[in-house]
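Student: what would the 3D arrangement of this be:
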Amino acid sequence: MGKHETEKLRNLGIVAHNSAGKTSLVEAILFNTGMNEKLGKVDNGTSSMDFEEEEIKRQATLSASLNHCRWNDYSLHIVDTPGVSNFLHDTRRCLRVLGGAVVIVSAISGVKSQTMQIWKWCDQFEVPRIAFVNKMDKERANFLNAVDAMEKSLGARAVIVTMPIGAEESFKGIIDLVRMKAKIYKFDETGTYDEVEIPEEYQDEADLLREQLLEAVAEADDDLMEKYLEGEVLSEEEILSGLREGTLTGVFTAVLCGSATANIGVRLLLDYITHCLPSPIDKGTQIGVKPYTDEIVERRPNEDEPFSAMVFKTINDPYAGKLSLMRVYSGTLTGDMQVYNPNKDEKERIGNILKLEGKKQNPIDVAVTGDIIAVPKLKVTGTGDTLCDLKKQIMYEPLIPLKPIISFALEGKNKGDEDKIYTGLQRLIEEDPTLRITRDAETKEMVLSGMGQIHLEVAVERLKRKYGAEIVLKEPKVPYRETIKASTQLQGKYKKQSGGKGQFGDVWIEVKPLPRGSGYEFVDKIVGGSIPRNYIPAVDKGIIETMKTGPLTKNQVVDVRVTLYDGSHHSVDSSEMAFKVAGSMAFKKAMEVCKPVLLEPIMSMEITVPDDCMGDVIGDLNSRRGKVVGVEPQANSQVIRAEVPMSEVLRYAPELRSMTSDRGMFSMEFSKYEEVPTHQTAKILEGLNKV
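Tutor: Model (predicted):
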């Protein structure tokens, strides 16, 4: 592929909230471009893009999938992205490397929070986009309502390029406002139509929208503006030029319409994809750094430049092994080529180069600038890594994974599966860096964290299907702490005689509470040799070990100061072990008389909700013993900052989804420990006693 063909390459993602029709649109594109002989359907499981069992079962895209096709003289790399909130992290990774996007707006449901989040990422990564109002043939379809939702919810300036002829059952076709022709479709899923003059009853509306279109494209180009203001007629080529300029600069978003499942409006959409969305050359020079320095390095989108690429996704294929999906930013890549991974400071040997067509993998000889490809069996390369020329090195800024928002403890369903479970989970984490597996040192539980309950449930299903390991998820234990509210002084004396050499250790300690978050302090105030210096660390060690299991819930004791100020020893019977036991005995007694209390972890939360849901969400937080510390307005939404006990938000993700009709989003992280109210402590202790 030379420069001329690189100019005619389009890397695009199909994005929107779940059920807007993304996969159906991709299937229609593949059918119209001749890649597929039949129009695949999500509803009956014949989609070539949603091929994982979990996707077929839920009739939803849960993992980004790739395909490619040609339309006229253009090559298209298409990424079908997830719209389910639990899997948007995969969409975000893809947008990092894509050139453009088609944002689907449902003519029925308009714009949901997931589309709003995706739109923000498109802004962040400077991804030009056009919009397609889908489902015009379905009940309750309303084109202008959908366009209005775009402008209000996304802050987009929508410029209508095609308008529908009718809606719902009376939907017949579309009007092309650039050529001012109507297309009446045959509704046989072939995408064929008769081009006719605009029906009289739609002429006035078409003229009005045409004038708005001309005004917008003129604003995108100074020469066109001058011509427009002088009353000259803009040619079709000039209108298209203005549409392209406005799209690439983000001045406006071109809006088309149709029905993906009925294959209406898709061919015209393909025309505008190729005309308006950018090529790799349009995206311009990529900026990186020389590895392990701050020196800026640039790569032009040219095959004569040194090779560079970014891995944006990893797939563990049961047959091909690990597949690293990458976007080539510069140069060319061939099989058996050695490249450098600056993130891991390792060399990698390229084997086969593959182009993905859904679940199919087709080998190719060479990948060039702009290509999106897969390379199997790289040793150390992971998602977010850069690959580059050995001698001309560059490292692109990796995308930091989103933080998990929900966690479950896990246990194997069958004994002896520990190795299988761990290996399988590590491979799933390679594919999806937002999954985390940790071991809680206090509760001794393995904890699986992710972006939501559905996210973790799908991970469990894949673990069983791909790696034969079954696990059960359960609510994790809350890592409570214990502390004291009073002070005391007391003795710990350990004396044991068993016929031979005995054991003797005698300590006097003072125990005091410390401010929250101080941890543990040990103060040595022994003078005069009442306890030999070599035995004092043993006292400290005995206290530390005893602090691991407090008297209330067997959780760790924190925020105490222990002062060792007196004691005695025996010249023969004293030992480190004896003083360790004496220290432990003294601290246990102290905990009983120093008014022990329970501490609970408090999470700092940031919750983004629509304006109309704010009252319900704040009321719910109050019922969870939460404290709202601030509310900040955003476009059509509110950001609530709150501190809430961890025990109250272990299953918050599905509950927030229910409260906000799947429009709310949140993140949380540990903040501090606070004392549990007395009545709540009684409930916790009662629950522990029942276990």
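
Student: contacts, neighbours, all on C-alpha from now
Tutor: Fine.

Student: how about low-confidence regions in the protein?
Tutor: Across the chain, the ranges flagged by pLDDT under 70 are 1-4, 442, 498-500, 635-636, 689-691.

Student: which residues touch E470?
Tutor: The contact partners of E470, taken as Cα atoms under 8 Å, 6 or more residues apart in numbering, are 412-414, 421, 460, 463-464.

Student: pull out the buried members of the residues you listed.
Tutor: 421, 460, 463 (16 or more other Cα atoms under 10 Å).

Student: need these in JSON lines (columns: secondary structure).
Tutor: As requested, the buried ones among the contacts of E470 are exported to JSON lines (DSSP: H, G, I helix; E, B strand; the rest coil):
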{"residue": "I421", "secondary structure": "helix"}
{"residue": "V460", "secondary structure": "helix"}
{"residue": "L463", "secondary structure": "helix"}
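
Student: show me what the strand or helix carrying E669 is packed against.
Tutor: Following DSSP states H and E, one finds E669 within strand 665-675. Applying 3 or more Cα pairs under 8 Å, 6 or more residues apart in numbering; DSSP states H and E, one finds that strand 665-675 makes contact with strand 596-610, helix 652-659.

Student: K138 is nearest to which of the ones you listed?
Tutor: Closest to K138 of the helices and strands packed on strand 665-675, according to Cα to Cα: helix 652-659, at 25.5 Å.

Student: which residues sit against that closest one?
Tutor: 405-406, 452-453, 613, 616-617, 662-666.

Student: could these go into a markdown table alongside neighbour count, distance to Y292 and secondary structure?
Tutor: Putting the contacts of helix 652-659 into a markdown table (neighbours: other Cα atoms under 10 Å; distance: Cα to Cα, whole Å; DSSP: H, G, I helix; E, B strand; the rest coil) gives the following:
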| residue | neighbour count | distance to Y292 | secondary structure |
| --- | --- | --- | --- |
| I405 | 23 | 32 | coil |
| I406 | 21 | 34 | strand |
| G452 | 19 | 36 | coil |
| Q453 | 19 | 39 | helix |
| C613 | 17 | 47 | helix |
| D616 | 13 | 49 | helix |
| V617 | 21 | 45 | helix |
| D662 | 18 | 42 | coil |
| R663 | 20 | 41 | coil |
| G664 | 26 | 40 | coil |
| M665 | 20 | 36 | strand |
| F666 | 17 | 34 | strand |
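
Student: which one is the residue nearest in space to the middle of the chain nearest to, not counting chain neighbours?
Tutor: The centre of the chain sits closest to H89, judged by Cα atoms, centre = their mean, with a distance of 2.4 Å. Once flanking residues are discounted, H89 sits nearest to L402: 6.8 Å by Cα to Cα, 6 or more residues apart in numbering.

Student: could you check how far that neighbour is from G99?
Tutor: Distance of L402 to G99, given as Cα to Cα, to the nearest Å: 22 Å.

Student: leaving out chain neighbours, which residue sits closest to H17?
Tutor: Leaving out its chain neighbours, the residue that sits closest to H17 by Cα to Cα, 6+ apart is G83, at 4.2 Å.

Student: in contact with that neighbour, which residues are there?
Tutor: Contacts of G83 (Cα under 8 Å, 6+ apart): 15-19, 61-62, 91, 114-115.

Student: and K313, by the same measure?
Tutor: K313 is in contact with 93-94, 324-326, 382-384, 431, counting by Cα under 8 Å, 6+ apart.

Student: fine, thanks again, bye for now.
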